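*Asks:* what follows is a protein structure lacking sequence information:
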């Protein structure tokens, strides 16, 4: 399995950089590795579009405008064939 990594550039406040630098020295990991771990922890279980992959995500997708589609479904699907 090929893992694609995207290079990016960020600007950090001095205190943020110092915290990452200290963590890097303590754990003997690169700053990039630490940032990847932090992002993974923060967004674990969420899809790329930002929502979790829960079955409850489908709730409300069929909300309509109050028309009687359920009662008159043939007319909405096939039109008036009289």
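*Replies:* Cool, the structure landed. As the structure is a prediction and not an experimental result, all values here were calculated from the model.
*Asks:* let's test this: mean pLDDT of stretch 67-82, rounded?
*Replies:* For stretch 67-82, the mean pLDDT works out to 73.
*Asks:* could I get the phi/psi values of residue 64?
*Replies:* Residue 64 has phi and psi values of phi -110, psi -160 when expressed as degrees, to the nearest 10.
*Asks:* report how many residues lie close to it.
*Replies:* Residue 64: 8 surrounding residues under other C-beta atoms under 10 Å. Backbone N, C-alpha and C define where each C-beta goes, glycine included.
*Asks:* repeat that for residue 6.
*Replies:* By the criterion of other C-beta under 10 Å, residue 6 has 4 neighbours.
*Asks:* what's the per-residue pLDDT of it here?
*Replies:* 91.
*Asks:* residue 51 too?
*Replies:* With respect to pLDDT, residue 51 has a value of 55.
*Asks:* same deal with residue 43?
*Replies:* 85.
*Asks:* same check on residue 19?
*Replies:* Value for residue 19, per-residue pLDDT: 96.
*Asks:* need the contact partners of the one helix or strand it maps to.
*Replies:* Element membership for residue 19 (DSSP states H and E) is helix 14-27. Residues outside helix 14-27 that contact it (C-beta atoms under 8 Å, 6 or more residues apart in numbering) are 12, 29-31, 34-35.
*Asks:* got the buried residues for it?
*Replies:* By neighbour count on 16 or more other C-beta atoms under 10 Å, the buried set for helix 14-27 is 20, 23.
*Asks:* and the next helix or strand past that helix?
*Replies:* Later in the chain than helix 14-27, the nearest helix or strand by DSSP H and E is helix 31-43.
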